[in-house]
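*Asks:* coords below, sequence missing:
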């Protein structure tokens, strides 16, 4: 019986999910070897950091010598921009550590062509972020950077390429979207990016109107409040007559992050939106995404929203007609948008998400920044309790003293990693990064080099997405700016997208989710006192993948299933 393989493709990576039903019949099954063959680059054996003796001390080891003891593996050594297509061959490995036998007769193969960032009028960009990549630590090590050096002492020649590597496209798409002779209107929570966005605005000659969150910041007990973080950008651009800033402070926060291109006859043409604030942290430090939609109908909905809030109406006035929009067709996708806030006695937006989760036939994965809606989280856990695949990543902000000056607060963060249910999860606090790293692994950085290492960055995962039945033929994605909380429903300006009828985009989301999930799950394992960071010398490692009701068996069956 041959290995079956399913590929989940993104523009900068591929997630391979595979199955070998014959595995339980071999007591000497030691894992898989994976070979990638590029149409231009030729054959390359994917590598493993773990060996039968422990983590490799001098770099990774080919999977022909250190088999992969998992039923999925992601490869970030590919790029859609290279113009290559790829073939993957996954081969079972039997034997002993000293005598590995490749089972070529049982090998499976799959051919893939990576999607570009823009497919069928929908653009998608996920960044790398700081703590989700060993490769970033390798890059820093090669530059001999000391984490104790203040960011102000980093030269632009050092800082700019580091941030661009982490942003992985987010830093390009916003300036490209702004660089047009057409009018731009939008709503931006925070605009502080001095590397790409503000310089683009300084050079622009087209009309640009931006609603911004104008709330003053807490200045400390007995002290006056501080200006909005956006004030520096406003001051920098004060002489630009073509750039207009429109303050918004009637909602709790104006949390939108979108831009609309407006063409002739005052008609909307395209919209850019997502989870990323237009800040250096939003693009590079925090895990985020941005979409573009080449759809006049969808763009017009966002344009109408911007023009509604530009006059700073009250929460009550803003919430009067809150509801899901009529579905809009964009390429293969069907998309609805819900603009918050809602009236106090309603929560139509989040109830829709909860109802959809309850109808999941196969899986739910969620990647959320500090959600507080317990009904929604419980709906996700119920999916796991019912025997379906359920994984989650949640970035929590720990309690802090509101009486302290924000610049002197300790702002710790923790990541909750859910495997099946509320009880089945790991928790990592921000201090976990940069310490207790096993030999052979590099310590991940908890923040961008030069940022304060004591006041741990409160935001690691800034995503706000849920993917339901993402590996099936009928997936549903919820994504946008909303944090799935009471504030995001009733008190903030937010945009929540519901995206259906597009399998390729759901699979892209799944691939990016599993990249983050696997990184944080590995880090959690590193911290366990009973950790055994060696490859197993027999087939015991795979028993959990064929046992009833384990997260591993659910994942194997769901992700590798061909549709």
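*Replies:* Everything's here; your move. This one's a predicted model, so the numbers in the text were calculated from it and none came from an experiment.
*Asks:* now what about the worst-scoring helix or strand of the chain on mean pLDDT, what contacts it?
*Replies:* One helix or strand of the chain scores below all others by mean pLDDT, DSSP states H and E: helix 134-142, with a mean of 81. Here helix 134-142 makes contact (C-beta atoms under 8 Å, 6 or more residues apart in numbering) with 76, 128, 130, 162, 165, 166, 441, 442, 443, 444, 445, 449. For glycine as for every other residue, the C-beta is placed from the backbone atoms N, C-alpha and C.
*Asks:* May I see the buried residues of it?
*Replies:* Neighbour counts over helix 134-142 (16 or more other C-beta atoms under 10 Å) mark 134, 136, 137, 140 as buried.
*Asks:* again, but for stretch 532-544
*Replies:* 533, 535, 536, 539, 541, 542.
*Asks:* In the top helix by length along the chain, which residues are buried?
*Replies:* Criterion DSSP state H: the longest helix present in the chain is helix 503-526. For helix 503-526, the neighbour count (16+ other C-beta under 10 Å) marks 503-521, 523-524, 526 as buried.
*Asks:* Same check on stretch 263-281?
*Replies:* Buried residues in stretch 263-281, counted by 16+ other C-beta under 10 Å: 268-281.
*Asks:* can you pull out the helices in the stretch 351-500 of the chain?
*Replies:* 374-385, 486-490 (DSSP state H, counting those that start in this stretch).
*Asks:* Now do the first one, average pLDDT.
*Replies:* Which is helix 374-385. Helix 374-385 shows a mean pLDDT of 96.
*Asks:* residues in contact with that helix?
*Replies:* With contact meaning C-beta under 8 Å, 6+ apart, helix 374-385 is reached by 350, 353-354, 357-358, 360, 363-364, 366, 371, 390, 392, 418-422, 424, 466, 484.
*Asks:* Check these for burial and list the buried ones.
*Replies:* Neighbour counting over these (16+ other C-beta under 10 Å) leaves 350, 353-354, 357, 360, 363-364, 366, 371, 390, 392, 418-422, 466, 484 as the buried ones.
*Asks:* Among these, which lie within strands?
*Replies:* Among these, the ones falling in strands (DSSP state E) are 363, 364, 366, 390, 392, 418, 466.
*Asks:* Please report how far the third one lies from residue 418.
*Replies:* Right, residue 366. For residue 366, the distance to residue 418 (C-beta to C-beta, to the nearest Å) stands at 8 Å.
*Asks:* Repeat that for the first one.
*Replies:* Distance from residue 363 to residue 418, counting by C-beta to C-beta: 13 Å.
*Asks:* Overlap in contacts, these two.
*Replies:* Common neighbours of residue 363 and residue 418 (C-beta under 8 Å, 6+ apart) are residue 390.
*Asks:* so how far is residue 195 from residue 428?
*Replies:* 29 Å.
*Asks:* Also residue 367?
*Replies:* Applying C-beta to C-beta to residue 367 and residue 195 gives a distance of 26 Å.
*Asks:* Low-confidence ranges, the stretch 401-550 of the chain, go.
*Replies:* 401-411, 434-435, 450-457, 529-530 (pLDDT under 70).
*Asks:* all strands of it, in order?
*Replies:* 413-418, 425-429, 464-468, 476-480, 494-500 (DSSP state E, counting those that start in this stretch).
*Asks:* now the last one against strand 476-480, angle please.
*Replies:* On the basis of axes from the mean of the first three to the mean of the last three C-alpha atoms, to 10 degrees, strand 494-500 is oriented at 160 degrees to strand 476-480.
*Asks:* again, but for the third one
*Replies:* Relative orientation of strand 464-468 and strand 476-480, computed by the same axes, to 10 degrees: 180 degrees.
*Asks:* which other helices and strands contact strand 464-468?
*Replies:* On a contact count with 3 or more C-beta pairs under 8 Å, 6 or more residues apart in numbering; DSSP states H and E, strand 464-468 meets helix 348-358, strand 363-369, strand 476-480, helix 503-526.
*Asks:* Which parts of the stretch 51-200 of the chain are helices?
*Replies:* Using DSSP H, counting those that start in this stretch, helices in the stretch 51-200 of the chain cover 134-142, 156-167, 170-178, 197-203.
*Asks:* can you give me phi and psi for the closest residue to residue 113 other than its chain neighbours?
*Replies:* Excluding the flanking residues, the one nearest residue 113 by C-beta to C-beta, 6 or more residues apart in numbering is residue 85, at 4.7 Å. Main-chain dihedrals, residue 85, degrees, to the nearest 10: phi -110, psi 160.
*Asks:* so residue 85 makes contact with residue 110?
*Replies:* No: with contacts counted by C-beta atoms under 8 Å, residue 85 stays clear of residue 110, the gap being 11.3 Å.
*Asks:* In terms of neighbours, single out the busier of these two.
*Replies:* Neighbour totals were compared for residue 85 and residue 110, and residue 110 leads with 18 against 14 (other C-beta atoms under 10 Å).
*Asks:* hmm, back to that, would you mind finding the most buried of the helices of the stretch 351-500 of the chain?
*Replies:* Highest mean neighbour count of those: helix 486-490, a mean of 21 (counted as mean count of other C-beta atoms under 10 Å).
*Asks:* Give me the packing partners of that one, helices and strands only.
*Replies:* Counting contacts by 3+ C-beta pairs under 8 Å, 6+ apart, helix 486-490 is packed against strand 333-340.
*Asks:* Tell me who's in contact with the residue lying closest to residue 486 once chain neighbours are set aside.
*Replies:* Leaving aside its sequence neighbours, residue 486 sits nearest to residue 372 (C-beta to C-beta, 6+ apart; 6.4 Å). Contacts here follow C-beta under 8 Å, 6+ apart; on that basis residue 372 touches 483, 484, 485, 486, 487.
*Asks:* care to break this structure down by domain?
*Replies:* 4-116, 118-518 (automatic domain parsing).
*Asks:* I'd like the ones you listed written out as JSON lines, with distance to residue 547 added.
*Replies:* Below are the domains of the chain laid out as JSON lines (distance: least, C-beta to C-beta, whole Å):
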{"stretch": "domain 4-116", "distance to residue 547": "10"}
{"stretch": "domain 118-518", "distance to residue 547": "13"}
